[in-house]
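S.K.: Provide a 3D model corresponding to the input given below.
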Amino acid sequence: MSMRPLADIRIVSLEQYGAGPFGSMHLAELGAEIIKIEDPAAGGDVGRTVPPYTADADSLFFQSFNRDKASITLDVRTTEGRRVFHDLVRGADAVYSNLRGDVPAKLGIRYADLAEINPRIVCCSLTGFGMTGPRATEPGYDYVLQALGGWMSLTGEPGDAPQKTGLSLVDYCGGYVAAISLLAAVHAARRDGVGTDCDLSLYDTAISLLTYPGTWHLTEGYEPGRTRRSAHPSLVPFQAFESADGWLVVGCAKEKFWQRLTVVLDRPDLAQDPRFATFAERGRHREQLIPQLEAMFRTRTTDQWLAPLYAASIPCAPIRDVAGALTDPHTLERDLIAETDHEAFGTVRTLRSAVRVGPPGADRAPTRPAPAMGADTDRVLRGLGYDDATITALRDSGALGKD
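M.R.: Numbers count the residues shown, from 1 in each chain. Purely as a prediction, here's the structure:
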């Protein structure tokens, strides 16, 4: 592919921490130019200081979310910094941010604030709770949203304390939502000649991801709850099972898989038992069926079970740790690990975007490490037509931060 799919898109980003940078990194990997504005008064993106792996205003956390971007230091609250920001907006397709819901108005980064500068500009704001509603001024973090959004009530073993997911999935899904919305709005702006706002929130993301349990509850009064061994609420069996030496997941998502499982287990009587003939019947008689399956799965090792399950094309997998997932041959074959060189950390290995455009195996472009804070300030400003004297004056004013 001679040109990356988004190589003609420029995004000015006021982003920090996880959700916002995660969303824009996918766009960067697809070729979009991401000009990341970092507030010099605040020390830049707070993600630069997230422990445990930190060095020289950088961290492996920051490297995980900011590959392939440019960084400039700019205080947009100063008069001089505001002028620079407006010059950036004139040549951009979008202004992207993930700040508290009332901050876009305070910073003047909504479409109403910038339309006069660039009528086609898209102002994409990913906030904790959105720019409207009773919680708009509240800070929103993944853990908080998992609690408010009902996720923690569904996660963990019945009777135990509520649990969050192991990863910050509201943040990451919010980043995907923002990226999709931004691209849709840029497409419309190019078609119609008029930009717009995108008012996105982690709260909306968390609620929307309740999906079918939410539909069941709203329509039929269903009360979702935690299930033992992470079992599916209605497809039986579809859960984690303990083996003689570990754990595996077995999923009978179709009736044919249940029939095949009874063969693998050498239990034709289960296939013939009317209590277990259908999903509905197995759901009603879960307490009679699951203990039998659990006892059988404990008689062999995970590998001893996986071989016949794979041979029967029954959905299954060993429950691995992170190391096992990252060394799986499929992970390596799919080119999901990026390597970049870093002055402090040496070779940094991060995870590439799952978003792909192009034929299999031919869509991966070289990737760059996340930038040092302000590394691209002079280059970007010169691209706006600023000369050395102007850049020096901006630096002296404090708009770019003090050396």
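S.K.: which stretches of this protein have low pLDDT?
M.R.: 1-2, 403 (pLDDT under 70).
S.K.: where do the strands of the stretch 101-250 of the chain begin and end?
M.R.: Along the stretch 101-250 of the chain, the segments classed as strands by DSSP state E, counting those that start in this stretch run 122-127, 196-201, 238-242, 247-251.
S.K.: just the CA trace of the third one, in PDB.
M.R.: Read that as strand 238-242. What follows is strand 238-242, C-alpha atoms only, in PDB (Å, rounded to 0.1, in the frame of the first residue of the first chain):
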ATOM      1  CA  PHE A 238     -20.400 -22.400  27.900                       C
ATOM      2  CA  GLN A 239     -18.000 -21.600  30.800                       C
ATOM      3  CA  ALA A 240     -14.700 -22.200  32.400                       C
ATOM      4  CA  PHE A 241     -13.900 -25.700  33.600                       C
ATOM      5  CA  GLU A 242     -11.100 -26.900  35.900                       C
END
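S.K.: tell me who's in contact with the spatially most central residue of the chain.
M.R.: For the chain, Y172 is the residue whose C-alpha lies nearest the centre (C-alpha atoms, centre = their mean; 2.0 Å). Listed by C-beta atoms under 8 Å, 6 or more residues apart in numbering, the contact set of Y172 reads G18, A19, F22. (C-beta placed from N, C-alpha, C; glycine too.)
S.K.: returning to what we had before: out of the strands of the stretch 101-250 of the chain, which is closest to W216?
M.R.: Closest approach to W216 among the strands of the stretch 101-250 of the chain is made by strand 238-242 (16.6 Å; C-beta to C-beta).
S.K.: show residues contacting that closest one.
M.R.: Contact partners of strand 238-242, identified using C-beta under 8 Å, 6+ apart, comprise 227-232, 247-253, 290, 293-294, 297-298, 319.
S.K.: for it, what is the distance to the chain centroid?
M.R.: 26 Å (C-alpha atoms, centre = their mean, to the nearest Å).
S.K.: direction included, what does it pair up with?
M.R.: The pairing partners recorded for strand 238-242 under DSSP bridges are strand 247-251 (antiparallel).
S.K.: can you pull the buried residues of the partner strand?
M.R.: By 16 or more other C-beta atoms under 10 Å, the buried positions in strand 247-251 come out as L248, V250, G251.
S.K.: that older thread, make a markdown table out of the strands of the stretch 101-250 of the chain and add distance to G133.
M.R.: Formatted as a markdown table, the strands of the stretch 101-250 of the chain follow (distance: least, C-beta to C-beta, whole Å):
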| stretch | distance to G133 |
| --- | --- |
| strand 122-127 | 10 |
| strand 196-201 | 9 |
| strand 238-242 | 36 |
| strand 247-251 | 38 |
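S.K.: what subset of the contacts of strand 238-242 is buried?
M.R.: If you count burial by 16+ other C-beta under 10 Å, the buried members of these come out as T227, A231, L248, V250, G251, C252, I290, L293, E294, F297.
S.K.: does L200 really touch G128, like I thought?
M.R.: No. Judged on C-beta atoms under 8 Å, L200 makes no contact with G128 at a distance of 10.4 Å.
S.K.: can you list residues touching both of the two?
M.R.: With contacts taken as C-beta under 8 Å, 6+ apart, L200 and G128 have no neighbour in common.
S.K.: now do the helices in the stretch 301-403 of the chain.
M.R.: Ranges of helices within the stretch 301-403 of the chain are 302-311, 322-326, 329-333, 377-383, 388-397, based on DSSP state H, counting those that start in this stretch.
S.K.: hang on, the earlier thing: from I9, how far out is the residue nearest to the centre of the chain?
M.R.: 21 Å (C-beta to C-beta, to the nearest Å).
S.K.: please apply the same query to L261.
M.R.: Counting by C-beta to C-beta - L261 and I9 are separated by 48 Å.
S.K.: now swap in R286 and tell me
M.R.: To I9, R286 is 50 Å away according to C-beta to C-beta.
S.K.: more neighbours, these two?
M.R.: Set R286 next to I9 and count neighbours by other C-beta atoms under 10 Å: I9 wins out with 21 against 17.
S.K.: and S71, that's in a helix?
M.R.: No. S71 sits outside any helix when classified using DSSP: H, G, I helix; E, B strand; the rest coil, being strand.
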